[in-house]
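Novice: model this:
(2 chains)
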Amino acid sequence: MSDTKTANVIVVGSGIVGNSCAYYCAKKGLSVIVLDEDIIGNGASSRNGGGVRAFFRNPLELPLAKYAIDNIWPHLSEELGVDIEFKQGGNFRLGIGEKEEANLKKLAKEGNEQGLKVDLMNQKEVQNFCCYVSPEVTYAAYCHNDGHANPLITTLAFYRKAKAMGVKYYTGEEVVKLATIRGKVRKVITALGNCYEGDAIIVAAGCASTKIVQTVGIDMPHAPSIIEAFVTEAMPPLFDFMMGTASSAFYGHQTKHGSFVFGGGSGFESFNDGYSDSCPTRQITAPSVMRGIMKYFPCLHDLKIIRTWAGWINNTPDGCAVIGPVDDLPGLYIAAGYTGHGFCMGPVTGKILSEVISGEKPCVSYEQLKLSRFKARQ
Amino acid sequence: MKVTYLNRDIALGPYVPQEDDDVIICRCEEITKGEIRRAIHEGMYTMTEIKRFLRTGMGLCQGQTCTRLIKNILQNEMKRAVQPNEEPTPRAPARPLAMENYGKELVK
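Specialist: Coordinates of the predicted model:
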């Protein structure tokens, strides 16, 4: 076993959450080590659809997403020194039929009550707003606040900046065990037998997080599912907004590059062989998502698909992330379980945890997302 | 797939411009050798990270031309051999395919 490396903060996971924790902690003057079993950001951070949205979100998470969109995302390119392609083009959710209309109305009402700006549109208004939408679409909600960014570049831009600020990164370094010293979680032990020690340990390892926190007796309920995304050839700019449907048939946006990135599932995403370090695509998924797209945007039928891929989602019982210190076990912090919508929340999570670890008041209240909210039935 | 352990506290030395830095390596996305070398110096130490940061190999040909060239540039800058399993994963479709055809594959 080699010598123990120490830092104020040890982050497990180098996705957007881990890298933003590293960046914001380094900004506070803390020394940081980041460990990842894979290369930088090879999980959901590099596989998601790039949605930066507060609309259509559970009220538990919405304040964090809104804070991030209002205060972090608009100037993130400037802060990180790389164009992360953030575009606040709105979030356009389409519905077909009365049931979906009722669902969109309800969500728009909730969104407006929480300080978002959401407009509702009938069939004619939808056609006036965007002529590419199918006339079958009878209703839509449009949230002005939302947008999209490039998840690949954003994740690597946080890494690049954190690294330049002195954060130490070790990849191919799989964490197998945490350990306590005098009742405080301090040690991180890896498969290669290396040992790291810190005052705060942040577990931001996506689907691998549950297994890691289990080694200090913490049960974090989670269920992995696998969904897919794909990218098309580049087109001239057609859509500014993030698009989706009330029935979640698909979601997507047109990137700055001109290509479209779409994502979705087949309905069988939670039936899989369990989380592993591979994520194969399935024969049925991408075609199912494509049929969804062509139903809502028929004009995209001859758009060429360049590449498909898959990624793991870390689902929690209420569909919201687990963020914050673990009660009764000082030193341990969790930032995982984002249930497929963590990209937008990555930057704000890092900011919050850096403030909590420094003993400051967090920029936005996060206590509702602590692990302790999951209580046994009786 | 397990990846090789890498302590990323790597001193590559200062970025020194080279005569052929303007040569386009990824023709689909028009990325030059200089841009790739600079990304490596900024911490993109694997083929996949270079790809995600710069879009090399993300164009219509999906890296069929540039993958080997980028591998050589990375090996030269890093002074280490890139293993075959470190190359970006090939994915469906093999060639660009229109959505209306791809989407026809109905479950019977």
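Novice: How about the contacts made by residue A:358?
Specialist: Residues near residue A:358 by CB atoms under 8 Å, 6 or more residues apart in numbering or on different chains: A:28, A:30. Every residue, glycine included, has its C-beta placed from N, CA and C.
Novice: Ignore what I typed, I meant residue A:81.
Specialist: Listed by CB under 8 Å, 6+ apart, the contact partners of residue A:81 are A:157, A:160, A:161.
Novice: What about chain B: which of those residues touch it?
Specialist: residue A:160 (CB under 8 Å from any CB of the partner chain).
Novice: want to throw the contacts of residue A:81 into TSV with neighbour count and secondary structure?
Specialist: Below are the contacts of residue A:81 laid out as TSV (neighbours: other CB atoms under 10 Å in any protein chain shown; DSSP: H, G, I helix; E, B strand; the rest coil):
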residue	neighbour count	secondary structure
A:157	25	helix
A:160	23	helix
A:161	22	helix
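Novice: quick one: which of the contacts of residue A:81 is nearest to residue A:240?
Specialist: Ranked by distance to residue A:240 (CB to CB), the contacts of residue A:81 are led by residue A:157 at 21.9 Å.
Novice: if we can go back for a sec, now the contacts of residue A:81 as CSV including pLDDT?
Specialist: Listed next are the contacts of residue A:81 as CSV, based on pLDDT from 0 to 100:
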residue, pLDDT
A:157, 98
A:160, 98
A:161, 98
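Novice: which among the contacts of residue A:81 gets closest to chain B?
Specialist: residue A:160 (5.3 Å; CB to the nearest CB).
Novice: Show me what the longest helix along chain B is packed up against.
Specialist: With secondary structure taken from DSSP state H, chain B has its longest helix at helix B:67-78. On a contact count with 3 or more CB pairs under 8 Å, 6 or more residues apart in numbering or on different chains; DSSP states H and E, helix B:67-78 meets strand B:24-26, helix B:33-41, helix B:47-54.
Novice: Redo these as a markdown table? Include mean neighbour count and distance to chain A.
Specialist: Listed next are those as a markdown table, based on neighbours: other CB atoms under 10 Å in any protein chain shown; distance: least, CB to the nearest CB, whole Å:
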| stretch | mean neighbour count | distance to chain A |
| --- | --- | --- |
| strand B:24-26 | 21 | 13 |
| helix B:33-41 | 20 | 9 |
| helix B:47-54 | 24 | 4 |
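Novice: Using TSV, please lay out the ones you listed together with mean pLDDT.
Specialist: Shown next, in TSV, are those (pLDDT from 0 to 100):
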stretch	mean pLDDT
strand B:24-26	98
helix B:33-41	98
helix B:47-54	97
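Novice: Ok, which of these comes nearest residue A:129?
Specialist: Comparing those by CB to CB, helix B:47-54 comes nearest, at 33.1 Å.
Novice: Now do the closest one against helix B:67-78, angle only.
Specialist: 100 degrees (axes from the mean of the first three to the mean of the last three CA atoms, to 10 degrees).
Novice: which outside residues touch helix B:47-54?
Specialist: With CB under 8 Å, 6+ apart, helix B:47-54 has contacts from A:39-42, A:46, A:152-153, A:155-156, B:26, B:29, B:31, B:35-36, B:39-40, B:43-44, B:56-58, B:63, B:67, B:70-71, B:74, B:82, B:86-88.
Novice: again, only using 7 Å
Specialist: For helix B:47-54, contacts defined as CB atoms under 7 Å, 6 or more residues apart in numbering or on different chains pick out A:39-40, A:46, A:152-153, A:156, B:31, B:35-36, B:39-40, B:44, B:56-58, B:70-71, B:74, B:82, B:86-88.
Novice: Let's see that helix as CSV, backbone CA atoms only.
Specialist: Taking Å, rounded to 0.1, in the frame of the first residue of the first chain, the C-alpha atoms of helix B:47-54 are listed here in CSV:
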residue,chain,number,x,y,z
MET,B,47,-9.1,10.0,-26.9
THR,B,48,-12.6,10.3,-25.6
GLU,B,49,-12.0,13.5,-23.6
ILE,B,50,-10.4,15.1,-26.7
LYS,B,51,-13.4,14.1,-28.7
ARG,B,52,-15.9,15.4,-26.2
PHE,B,53,-14.0,18.7,-25.7
LEU,B,54,-13.3,19.5,-29.4
